[in-house]
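Visitor: Got a sequence here, can you build the structure:
(one chain, ligands or ions: 1)
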Amino acid sequence: MFRTCFMLIGLIALFSCCVKQELKTCTSDSSLAGQADFPIGAAADPLLFSSDSIYRHLFFSQFSSATAENSFKPAYLHPEENTYQWNEADEFVSQCRSHQMRVHGHTLIWHQQNPQWMNAFAGSSEQWEQMMKSHIVSIVRYFRPTVLSWDVVNEAFNEDGSLRNTIWLQHVGSSYIEKAFMFARQASPEAKLFYNDYGLETNPAKRKAVLAFLNHLRLKGVPIDGIGLQMHIDIKYADASMIEEAIYEVAQNGYDVHLSEVDISLNPRGKDYLLNAKDLQAQAELMHKIVRAYRNIPLHQQFGITFWGISDRYSWIRTTYNRSDYPLLFDDQYQPKPIYCQLKQAL
Ligand code: G3I
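Guide: The predicted structure follows:
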């Protein structure tokens with residue numbers, strides 16, 4: 001009698017354990033945008049719109065905010081000193097607008113993906129400043145009034161909170177950040193202007209240094225409306241409470257908060273990796289906690305959550321680090337992953 005009971009209890013425990021491990025599934029029949037009370041976005045490569053119909057369909061049906069993964073960067077928009085190239089970005093904007101999507105401009109001033117002429121520009125500090133002004137004003141004015149938010153400066157700080165030694169710091173000086181925001185505001189009185197960076201959510205020293213620097217500029221009247229926390233995180237090192245603290249701290253400093261480039265790596269160490277249910281569940285649960293925290297900040301400061309891609313298939317992580325990884329909402333076959341389901345549930 002007792003033996004049968006123990007066996008029964010064992011079977012129930014085994015079953016419940018499997019059920020617990022069984023991942024929650026859902027469909028992508030309804031949109032993320034329809035579920036959220038703030039913009040839900042994704043970065044996209046417009047070149048894929050014509051070659052991958054499912055990619056295109058998911059991008060335009062699931063999201064309400066759009067960031068061009070590369071098309072708005074200096075190397076693409078401003079390939080020669082006296083030449084601007086608008087067609088790829090124009091196509092991106094046109095398609096997004098026809099699907100009633102917000103377009104966020106990424107990015108005006110950065111140390112990567114600059115055209116060769118810009119990196120090699122030979123001039124005095126004043127000439128560099130004039131070049132930077134002309135670059136910013138020309139682009140922001142061109143996209144007015146369609147593009148109403150910009151990553152004005154991207155990744156200007158090192159991990160220790162010091163200023164990154166970029167061509168802008170070298171040739172314009174440490175005032176380049178405030179000047180970039182002033183030029184952007186001059187070009188668009190109505191746009192929301194962001195500082196965007198990675199690691200702010202997981203490196204308190206960097207975050208505190210960035211906040212101190214930007215708060216000082218804002219006190220001087222520099223128009224900095226928001227901060228983009230890129231959120232290139234992972235399930236191994238990222239800690240939900242640390243991320244929550246970062247979101248709250250940026251909001252408490254009065255900035256709009258954009259979770260601007262969200263992906264959650266399952267294989268940050270880049271080892272041989274086999275996708276498994278436990279990691280997918282951890283990714284989903286971390287996403288759930290992040291959204292709950294984000295929804296706790298004032299609604300008017302919730303600029304939005306933007307994923308850095310749609311499907312694992314095209315993630316920058318795979319190509320950049322040449323490793324298997326599964327950081328996004330949809331799998332290689334465009335099926336919604338547990339992270340998608342948990343995101344939707346948390347919205
Ligand atoms: O377009 C060329 C193509 O013609 C060429 O054949 C191919 C091979 O060389 O390269 C293509 O350009 C690549 C470009 O992405 C478009 O696919 C560049 O090599 C590659 O470096 C570039 O990577 C981008 C990366 O920024 C550059 O640093 C990624 O797509 C993009 O996702 C990534 O995004 C950045 C954000 O802008 C800022 N925050 C970090 C984030 C990840 O690095």
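
Visitor: Break down this protein into its strands, ranges please.
Guide: Assigned by DSSP state E, the chain shows strands spanning 40-44, 65-68, 102-109, 149-154, 192-197, 226-229, 232-234, 256-265, 302-307.

Visitor: So what touches the first one?
Guide: The reference is to strand 40-44. Contact with strand 40-44 is made by 32-33, 55, 59, 62-69, 92, 101-102, 104, 106, 261, 304-310, 347, as judged by CB atoms under 8 Å, 6 or more residues apart in numbering. C-beta: built from backbone N, CA, C; applies to glycine.

Visitor: OK, contacts around the residue in the stretch 201-347 of the chain that the ligand sits nearest to?
Guide: The minimum distance from the stretch 201-347 of the chain to the ligand, using CB to the nearest ligand atom, falls at W316 (3.4 Å). Neighbouring residues of W316 by CB under 8 Å, 6+ apart: E69, W308, G309.

Visitor: Tell me, how many residues neighbour E91?
Guide: Neighbour count of E91, defined by other CB atoms under 10 Å: 16.

Visitor: out of everything not next to it in sequence, what's closest to it?
Guide: Spatially, and ignoring its direct neighbours in sequence, E91 is nearest to P46 (5.6 Å; CB to CB, 6 or more residues apart in numbering).

Visitor: what does the chain have sitting close to the ligand?
Guide: E69, N70, Q112, Q113, N154, Y198, Q230, E261, W316 (CB under 6 Å from any ligand atom).

Visitor: let's see 5 Å
Guide: Those residues of the chain that sit near the ligand, judged by CB under 5 Å from any ligand atom, are E69, N70, Q112, W316.

Visitor: Export the residues you listed as JSON lines, with columns for pLDDT.
Guide: JSON lines is the format used below for the residues of the chain next to the ligand (pLDDT from 0 to 100):
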{"residue": "E69", "pLDDT": "98"}
{"residue": "N70", "pLDDT": "98"}
{"residue": "Q112", "pLDDT": "98"}
{"residue": "W316", "pLDDT": "98"}
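
Visitor: Next, count neighbours for the residue of the stretch 101-250 of the chain found nearest the ligand.
Guide: Minimum separation of the stretch 101-250 of the chain from the ligand (CB to the nearest ligand atom) falls at Q112, amounting to 4.5 Å. Q112: 11 surrounding residues under other CB under 10 Å.

Visitor: do the same with K73
Guide: For K73, the neighbour count with other CB under 10 Å is 21.

Visitor: what residues are up against it?
Guide: K73 sits next to H106, T107, W110, Q112, Q113 when contact means CB under 8 Å, 6+ apart.

Visitor: Now list the buried members of those residues.
Guide: The neighbour-count test (16 or more other CB atoms under 10 Å) marks H106, T107, W110 as buried among those.

Visitor: Can you tell me which of those is nearest P39?
Guide: H106 (14.2 Å; CB to CB).

Visitor: Contacts only, for that closest one.
Guide: Contacts for H106 (CB under 8 Å, 6+ apart) come out as A43, T67, A68, F72, K73, W150, D151, N154, N196, S260.

Visitor: Let's see that with 10 Å instead.
Guide: H106 is in contact with 43, 67-73, 149-151, 154, 194, 196, 228, 260-261, 306, counting by CB atoms under 10 Å, 6 or more residues apart in numbering.

Visitor: and if you look at L299?
Guide: Residues in contact with L299, defined by CB under 10 Å, 6+ apart, are D37, F38.

Visitor: do you know how far it is from S162?
Guide: L299 is 35 Å from S162, where distance means CB to CB, to the nearest Å.

Visitor: and if you look at Q62?
Guide: From Q62 over to S162 the distance is 39 Å, taken as CB to CB.

Visitor: For those two, indicate the residue with more neighbours.
Guide: Q62 (24 against 10).

Visitor: Spatially central residue in the chain, please.
Guide: Central residue of the chain (CA atoms, centre = their mean): E261, 1.4 Å from the mean position.

Visitor: I'd say that one and G199 touch.
Guide: No. Counting by CB atoms under 10 Å, E261 stays clear of G199, with 11.5 Å between them.

Visitor: and for the two, which residues touch both?
Guide: Contact criterion CB under 10 Å, 6+ apart; residues shared by E261 and G199: L229, Q230, M231, H232.

Visitor: who's in contact with the second one?
Guide: So the one you mean is Q230. Residues counted as contacts of Q230 (CB under 10 Å, 6+ apart) are 151, 154-155, 196-201, 258-263, 306, 308.

Visitor: Correct me if wrong: L217 contacts I224.
Guide: Yes. Between L217 and I224 there is a contact under CB under 10 Å: 6.2 Å.

Visitor: The two: who's more crowded?
Guide: More neighbours surround I224 than the other of L217 and I224, with 24 against 17 (other CB under 10 Å).

Visitor: show me the contacts for that one.
Guide: Residues in contact with I224 (CB under 10 Å, 6+ apart) are 152-153, 177-178, 181, 184-185, 192-195, 213-215, 217-218, 254-256.

Visitor: Now list the buried members of those.
Guide: Among these, the ones that count as buried (16+ other CB under 10 Å) are 152-153, 177-178, 181, 184-185, 192-195, 213-214, 217-218, 255-256.

Visitor: Report the separation between Y198 and H232.
Guide: Distance of Y198 to H232, given as CB to CB: 5 Å.
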